[in-house]
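Trainee: Structure for the following, please:
(2 chains)
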Amino acid sequence: MPAVVSLPRERRKERLLLLVGRLRWGLGRLTLHLLAIGLAVFLMLPYYWAVISSLKPAHEVRLLPPQWWPSTLRWQNYIEVWQTTLFGQWVVNTVFVSVVATTGTVLSAALAGYAFARFRFPFRNLFFMVTLSTMMLPHEVTLIPTYLLYYKLGWLNTYLPLTVPFWLGGGAFFIFLFRQFFMTIPLDLDEAAKLDGASYFRILWSIILPLSLPAVATAAIISFINHWNSFILPLIILNDPPKFLLSIGLRYFQILPTEGEPKDHLLLAASVLMTIPVIVLFFLGQRYFVRGVVLSGIKG
Amino acid sequence: MRGWWHRFAQQLGWPTSGLARQEALYAYLFLLPWILGFLGFVAGPMVASLFLSLTRYNIVKDPVFVGLENYYQALFRDPLFWSSLGRTFLYAAVVVPTGVTGALLTALLLNQGLRGTTLYRTLFFLPHLTPVVAAVFIWSWLLNPSFGLVNEVLWQLFRIKGPVWLGSKEWAIPSLILIALWGIIGGNLMMIFLAGLQGVPRELYEVAEIDGANAWQRFWNVTLPMISPTLFFNTVLAIIGALQTFTLAFVATQGGPAYATWFYALHIYTNAFNYFELGYAAALAWLFFVVLVTFTYLQFRFATRWVYYAGEVK
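Mentor: As a prediction, this is how the structure comes out:
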């Protein structure tokens, strides 16, 4: 008898507990969302401030107190950047160097990755270990002697140091990336092609690479962004403003003395312009990019 | 005749059949660009810089052999050597723990299965992608003592008069740390953590929950040990990155004010490309390399005590 009476009460209690639990869960989610939004706002605020400041008329840039929103959005600033600096030239140079270097990186890293993934040869493990260890090498160590090498070769103030080395191996990370991807492709395909009389090179070009487009995209995107953003190598190699790349061009513009007019808004407009392609590229290839970054952490 | 050679070759793992030899030949052919690049732009220059570090050389005149003079100079007579090295380690000692912890916390946040995680992840990642030069300009403006947003917000909210940030001896390094953290907490390290977190088997959490473990205990006893290899990898990565910091300080402050942000990489650069003391700069680079290798080696030695590899045979 008491058991029957207590049943609805038990159920009510259960329902209440469930409700409380759901409420707590909901509150927890809300807190997490607020945290995420807060972090996003903190990380995005610099962009907002840069974009807004870059659109201010020159006299409003240095107004006190700082204005959160300009009186007019002066898109003219973005045109002025192209007119008052060699910005257009630097964009062309940077695109050229980045494309050439990226192509070299992808092709030569794919070749090396293919060798590591598909061939048996003496000292393979040794070669592979050496390759991986170069990832840990601080570039300071090779900077000075490679500079001298380029000097002796007469390559200073040319784009050769910024492109040629990347056609020779392309960097350990990319070799590793291709090797890992190639190893997921079934060997049967190679065997079948070999029976049909295809050469090793043919197998790579017509079978492995077409099946590895995600890896190619990953390598291409990461490599392009690296070259687009690179600073120290162009800094020591190039010394002729028309030959500058964007990164050192912007710095040159920064340290260039000006008469009167503040140029902060122009510098910010240039920074925004330089960042846009990288962000666009990331959005287009986000899936691939994330995969590549993740891969670099796999062999921890 | 062929017999012993054959056995010897086999011992070495050298291919003995014609087909295997052809395979090896092709492998070397495909590796040739990398081998040339390695010899020409990595190994060769490294050896060359070792010799260079024993000379006095300014490009214009022939190098003069001076023995260990450059190393002596660095260790005992160059006050900027020790101070820049110390400053660089100090910077790393702050950036690495905060950056790695921040990246881990962000990854934990993104691993909760919130709606809109992809959007959050994208937004968090953008600072890492921003070219350092652009990031420095943006932040210099943000931290501008009179016209910047940071000091304005500090004043509006707390009535605090903000420091001159990059222009002050005391606040220059904290400013650089702030800029660096902006790019780190949602960047590469965070992505790698996220992948690590997603690799932790769900069953472990279920078992822990049945055992009555609360969220903190689950994190401490399941998550952390399971992602310890990732944590280790990220820490090594972050340390190497922080110790090599160059562009950030070079563009933001050029090592100033009053050498407040004179990092080791800047010291090498200035000696090499402003003073053209290439021999001395090569010695500085080699000393740095030795320090880095030792440091990384110690980390690997120490790692066996706290890193847990699930697949490892003990």
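Trainee: can we go C-alpha only for contacts and neighbour counts from here?
Mentor: Noted.
Trainee: so what's the closest residue to B:Gly196 other than its chain neighbours up against?
Mentor: Of all residues not flanking B:Gly196 in the chain, B:Ile227 sits nearest, at 5.8 Å (Cα to Cα, 6 or more residues apart in numbering or on different chains). Contacts for B:Ile227 (Cα atoms under 8 Å, 6 or more residues apart in numbering or on different chains) come out as B:Phe193, B:Gly196, B:Leu197, B:Val200.
Trainee: now those residues in CSV, with secondary structure, neighbour count and pLDDT?
Mentor: Below are the contacts of B:Ile227 laid out as CSV (DSSP: H, G, I helix; E, B strand; the rest coil; neighbours: other Cα atoms under 10 Å in any protein chain shown; pLDDT from 0 to 100):
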residue, secondary structure, neighbour count, pLDDT
B:Phe193, helix, 27, 90
B:Gly196, helix, 21, 86
B:Leu197, helix, 20, 89
B:Val200, coil, 16, 86
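Trainee: Out of the residues you listed, the closest to B:Ser53 would be?
Mentor: Taking Cα to Cα as the measure, B:Ser53 lies nearest B:Phe193 of the contacts of B:Ile227, at 39.7 Å.
Trainee: Most proximal residue of chain B with respect to chain A?
Mentor: Relative to chain A, the nearest point of chain B is B:Trp34 (3.7 Å; Cα to the nearest Cα).
Trainee: Average pLDDT for stretch B:65-73, rounded please.
Mentor: Averaged across stretch B:65-73, pLDDT comes to 89.
Trainee: what does stretch A:264-281 give?
Mentor: 89.
Trainee: Residues contacting that stretch, please?
Mentor: Residues contacting stretch A:264-281 (Cα under 8 Å, 6+ apart): A:50-51, A:53-56, A:58, A:61, A:77-78, A:80-81, A:221, A:225, A:228, A:246, A:250, A:253-254, B:126, B:129-131, B:133-135, B:137-138, B:141.
Trainee: okay, the contacts of B:Ile227 in a markdown table with distance to A:Ala192 next?
Mentor: Formatted as a markdown table, the contacts of B:Ile227 follow (distance: Cα to Cα, whole Å):
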| residue | distance to A:Ala192 |
| --- | --- |
| B:Phe193 | 40 |
| B:Gly196 | 37 |
| B:Leu197 | 39 |
| B:Val200 | 38 |
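Trainee: residues near residue 206, how many?
Mentor: Just going to use chain A. As a burial measure, A:Ser206 scores 12 neighbours (other Cα atoms under 10 Å in any protein chain shown).
Trainee: You answered for a different chain; I wanted chain B.
Mentor: So B:Glu206, with other Cα under 10 Å, has 13 neighbours.
Trainee: and if you look at the one 10 residues further on?
Mentor: Using other Cα under 10 Å, the number of residues around B:Trp216 comes to 10.
Trainee: so what's the backbone phi/psi at B:Trp171?
Mentor: For B:Trp171, the backbone dihedrals are phi -100, psi -10 (criterion: degrees, to the nearest 10).
Trainee: okay, it: pLDDT?
Mentor: We have a pLDDT of 92 for B:Trp171.
Trainee: shouldn't it be in contact with B:Leu178?
Mentor: No: between B:Trp171 and B:Leu178 there is no contact under Cα atoms under 8 Å: 10.4 Å.
Trainee: mind listing what B:Phe137 touches?
Mentor: Contacts of B:Phe137 by Cα under 8 Å, 6+ apart are A:Leu267, A:Leu268, A:Ser271, B:Ala252.
Trainee: The third one belongs to a helix?
Mentor: Yes: per DSSP: H, G, I helix; E, B strand; the rest coil, A:Ser271 lies within a helix segment.
Trainee: That one and B:Val133, how far apart?
Mentor: 8 Å (Cα to Cα, to the nearest Å).
Trainee: any residues in contact with both of those two?
Mentor: A:Leu250.
Trainee: Any idea which helix or strand in chain A has the lowest mean pLDDT?
Mentor: In chain A, no helix or strand scores lower on mean pLDDT, DSSP states H and E than helix A:286-298, which sits at a mean of 72.
Trainee: confidence score at residue 35?
Mentor: Since you didn't name a chain, this refers to chain A. According to the prediction, A:Leu35 has pLDDT 93.
Trainee: not what I meant, chain B
Mentor: B:Ile35 carries a pLDDT value of 92.
Trainee: for A:Thr85, same thing?
Mentor: At A:Thr85, the model reports a pLDDT of 82.
Trainee: Show the model's pLDDT score for the residue lying closest to it once chain neighbours are set aside.
Mentor: Spatial nearest neighbour of A:Thr85, chain neighbours left out: A:Phe253 (7.4 Å); criterion: Cα to Cα, 6+ apart. pLDDT recorded at A:Phe253 is 84.
Trainee: number of nearby residues for A:Phe253?
Mentor: 19.
Trainee: so what secondary structure elements neighbour the helix or strand hosting it?
Mentor: Secondary-structure assignment from DSSP states H and E places A:Phe253 in helix A:246-255. Counting contacts by 3 or more Cα pairs under 8 Å, 6 or more residues apart in numbering or on different chains; DSSP states H and E, helix A:246-255 is packed against helix A:87-118, helix A:213-229, helix A:264-284, helix B:132-142.
Trainee: In PDB, list the C-alpha atoms belonging to the last one.
Mentor: In PDB, the C-alpha atoms belonging to helix B:132-142 read as follows (Å, rounded to 0.1, in the frame of the first residue of the first chain):
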ATOM      1  CA  VAL B 132      53.500  39.000 -38.100                       C
ATOM      2  CA  VAL B 133      54.400  42.400 -39.700                       C
ATOM      3  CA  ALA B 134      50.700  43.200 -40.100                       C
ATOM      4  CA  ALA B 135      49.900  41.900 -36.600                       C
ATOM      5  CA  VAL B 136      52.600  44.200 -35.100                       C
ATOM      6  CA  PHE B 137      51.300  47.300 -36.900                       C
ATOM      7  CA  ILE B 138      47.700  46.500 -35.800                       C
ATOM      8  CA  TRP B 139      48.800  46.000 -32.200                       C
ATOM      9  CA  SER B 140      51.100  49.000 -32.200                       C
ATOM     10  CA  TRP B 141      48.100  51.100 -33.100                       C
ATOM     11  CA  LEU B 142      45.900  49.300 -30.500                       C
END
